[in-house]
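Q: kindly generate the corresponding structure for this input.
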Amino acid sequence: MRRTGWYGANLAVIGSGLLFWSSGSAQPGTAGNGLSLTVARARELAMTQNAGIRASAQSVVSATAQRNEARAARLPGVLFSARYARLSDVPDPVITTPSMTIPTGPGTSITTPSTQVSLGPSILNSYNLTATAQVPLFTGFRLENREKAAEYAARAAGEEYAASQREVGNRVEQVYWRLYSARAAERVISESVKLAEAHLEDVRRLHAAGMATADDILAVEVRLSEARLRQIQAENASELVRATLCNLLSVPVSTEIALVDSPSVVVPSVPDQDALVSAALANRPELRALAFRKQAMERGTAAVEGGKLPSVMFQTNYEVSNPNQRYFPTRDAWHATWSAGMGVTWTAWDWGIVGQQAARARAEERQVDERLNQLRDAITLQVVQARLAAIESNRRVAVAEEGVRSAEAYHRSMRARYSAGTATNTEVLDAQILLERARLDLVQARTDQRTAAANLAYVVGDERTQD
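A: Down below sits the predicted model:
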């Protein structure tokens, strides 16, 4: 019975499927560099080099800047302005006085001629320097609520950054152990190739002695070819997973990686489900981030509703002009003046625009609330699934270990019986396949146990590194 298809599918899952886990592209670097990695070291590199984490960090910077911007909007603002204008030529301003007849005595009078009185020269160059200070006294609580909304948004961005770190860290650990599994599978299949080669030599010797047929040799050669094909697939799968890990760490994909850690043989205990769910709901940064988003939306709604209230602003100006229009007559000279006052603005009627904006904000707020409930349910399901996977993986290790012991004993028995002439060539070849499968199952079970434990810690929100 041919088993190449089963092994090919298994190794393809180990290798090529993991390429879709990584985000971003590897940064260019010097080819041929090597890394010796523990799980903790791999996580540390990802925290500093992964492009997704760096992008998330910039979101925190942006949200912090928006918070500071909203905070500064409540403080007094000072604006400086300067202006120069060249005016067109116009005649100097003058006033013409009418002629007047002034009585000087009985029957006599004096008539004065009309005259022109200059009001000053026509000034063609105009200069102005102005400093304006403005203080919001009351804005319908809009500025206060916008500041609090920005504060909650910044805190949400911080929690989302922590969530992205934990997600990438978990993905790195998962791929780390998948690489360990792929390399261990490669070693197991290489051992199977050696066993098949050794058996082929035995069959050839027996054929030379007349104790085996040519068909026996052909059967072993077919099984050896199948083993070598699986070996090629295993090598390719190992390279694919190594490239995936390089991608997650943002190092050149040609980087050689040496794995230091190995799966623990100690079976970890799995806590009670209710305790795990409670811990997850208390620890997961995604929940805290969404809760902060909800609070930011509530403050944003309050800020929108503040548009129904009037705004009061205090403003003062200090102006230095040449000429200064407040001085009469106008002269080509610098003069300083100031003014101070308060202004009130209130939108008496806007056809319900503010009310509709508030309704939209409240609807978006309820959407966030529903997403929060949905996320709680999703996290609960994640915990249940991760816990069951951890329990299953623990049980599989014990069964796989027993399977390897049985397969090794059966293989030794078939080899001995074949040498004694009481077992067929086909039985020996089948024993080799069973031994290879049992060893691969044990490799997969041990790495699955480690990845399941790491994933359980991730979904629960446990910050401890799985060693």
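
Q: so, low pLDDT: which residues of this protein?
A: 1-33, 265-268, 463-467 (pLDDT under 70).

Q: which stretches in it count as strands?
A: Ranges of strands in the chain, per DSSP state E, are 34-37, 77-86, 94-97, 100-105, 108-112, 115-118, 125-138, 256-259, 311-322, 335-345.

Q: quick one: closest of those strands to E364.
A: Smallest distance to E364 across these (CB to CB): 24.4 Å, for strand 311-322. Glycine gets a C-beta too; all of them are placed from N, C-alpha and C.

Q: ok, and what's touching that closest one?
A: Here strand 311-322 makes contact (CB atoms under 8 Å, 6 or more residues apart in numbering) with 125-140, 332-346.

Q: list only buried entries from the residues you listed.
A: Among these, those classed as buried by 16 or more other CB atoms under 10 Å are N128, P136, T139, G140.

Q: the third one: what's it in contact with?
A: If I follow you right, that is T139. Counting by CB under 8 Å, 6+ apart, T139 touches G306, S311, V312.

Q: likewise for the first one?
A: For N128, the contact set (CB under 8 Å, 6+ apart) comprises S81, A82, R83, Y84, E319, V320, S321, N322.

Q: wait, the fourth one sits on L124?
A: No. Under the criterion of CB atoms under 8 Å, Y84 is not in contact with L124, lying 11.6 Å apart.

Q: between these two, which is the more surrounded one?
A: L124 (12 against 9; other CB atoms under 10 Å).

Q: grab the nearest non-local neighbour of the more buried one.
A: Nearest residue to L124, sequence neighbours excluded (CB to CB, 6 or more residues apart in numbering): L87, at 4.8 Å.

Q: list the contacts of the one you found.
A: I123, L124, N125, S126.

Q: quick one: which of the residues you listed is nearest to S254?
A: S126 (69.8 Å).

Q: my guess is T111 meets T104, correct?
A: No. T111 is beyond contact range of T104, at 10.5 Å (criterion: CB under 8 Å).

Q: from the contacts of T139, which is closest to V397?
A: Using CB to CB, the contacts of T139 come closest to V397 at G306, 61.5 Å.

Q: what is the neighbour count of that closest one?
A: A count of neighbours around G306, defined by other CB under 10 Å, yields 20.

Q: for P136, list each beta-bridge partner.
A: Beta bridges link P136 to M313 when assigned by DSSP bridges.

Q: my read: it touches R74, true?
A: Yes. P136 lies in contact with R74 (CB under 8 Å); the separation is 6.6 Å.

Q: return every residue with contacts to both of these two.
A: L143.

Q: ok, and the closest non-adjacent residue to D369?
A: K294 (5.9 Å).

Q: next: E151.
A: Closest to E151 by CB to CB, 6+ apart is R67, at 5.4 Å.

Q: so how far is A157 from that neighbour?
A: 9 Å (CB to CB, to the nearest Å).

Q: who has more neighbours, these two?
A: Legend: neighbour count by other CB under 10 Å for R67 and A157, higher for A157 (24 against 21).

Q: which residues are in contact with A333?
A: By CB under 8 Å, 6+ apart, the contact list for A333 reads N322, P323, N324, Y327.

Q: by neighbour count, which of these wins?
A: Sorting the contacts of A333 by how many neighbours each has (other CB under 10 Å) puts P323 first, at 21 neighbours.

Q: for the nearest residue to it once chain neighbours are set aside, phi and psi?
A: Nearest residue to P323, sequence neighbours excluded (CB to CB, 6+ apart): T330, at 4.7 Å. Main-chain dihedrals, T330, degrees, to the nearest 10: phi -70, psi 130.

Q: identify the residues contacting T330.
A: L119, G120, I123, P323.

Q: pick the one among the residues you listed closest to R223.
A: Taking CB to CB as the measure, R223 lies nearest P323 of the contacts of T330, at 106.4 Å.

Q: R86 versus the closest one, what's the distance?
A: On the measure of CB to CB, P323 and R86 end up 13 Å apart.

Q: ok now stretch 325-338, how far from the chain's centre?
A: From the chain centre to the centre of stretch 325-338 is a distance of 60 Å (CA atoms, centre = their mean, to the nearest Å).

Q: straight-line length of it, end to end?
A: 13 Å (CA to CA, to the nearest Å).

Q: likewise for stretch 106-126?
A: End-to-end distance (CA to CA), stretch 106-126: 55 Å.

Q: give me the residues contacting that stretch.
A: Contacts of stretch 106-126 (CB under 8 Å, 6+ apart): 83-104, 321-323, 329-332.

Q: can you flag the buried ones in those residues?
A: Here, 16+ other CB under 10 Å leaves S321, N322, P323, T330 buried among these.

Q: of those residues, closest to A420?
A: S321 (118.0 Å).

Q: distance check, that closest one against N125.
A: In terms of CB to CB, S321 sits 11 Å off from N125.

Q: kindly report the same for T330.
A: 12 Å.

Q: same question for Y180.
A: For Y180, the distance to N125 - CB to CB - is 82 Å.

Q: could you do T213 as well?
A: 117 Å.

Q: S62 too?
A: 46 Å.

Q: next one: A431
A: From A431 to N125 the distance is 107 Å (CB to CB).

Q: try Q444
A: From Q444 to N125 the distance is 88 Å (CB to CB).

Q: mind listing the helices for the stretch 101-250 of the chain?
A: Assigned by DSSP state H, counting those that start in this stretch, the stretch 101-250 of the chain shows helices spanning 142-208, 214-249.
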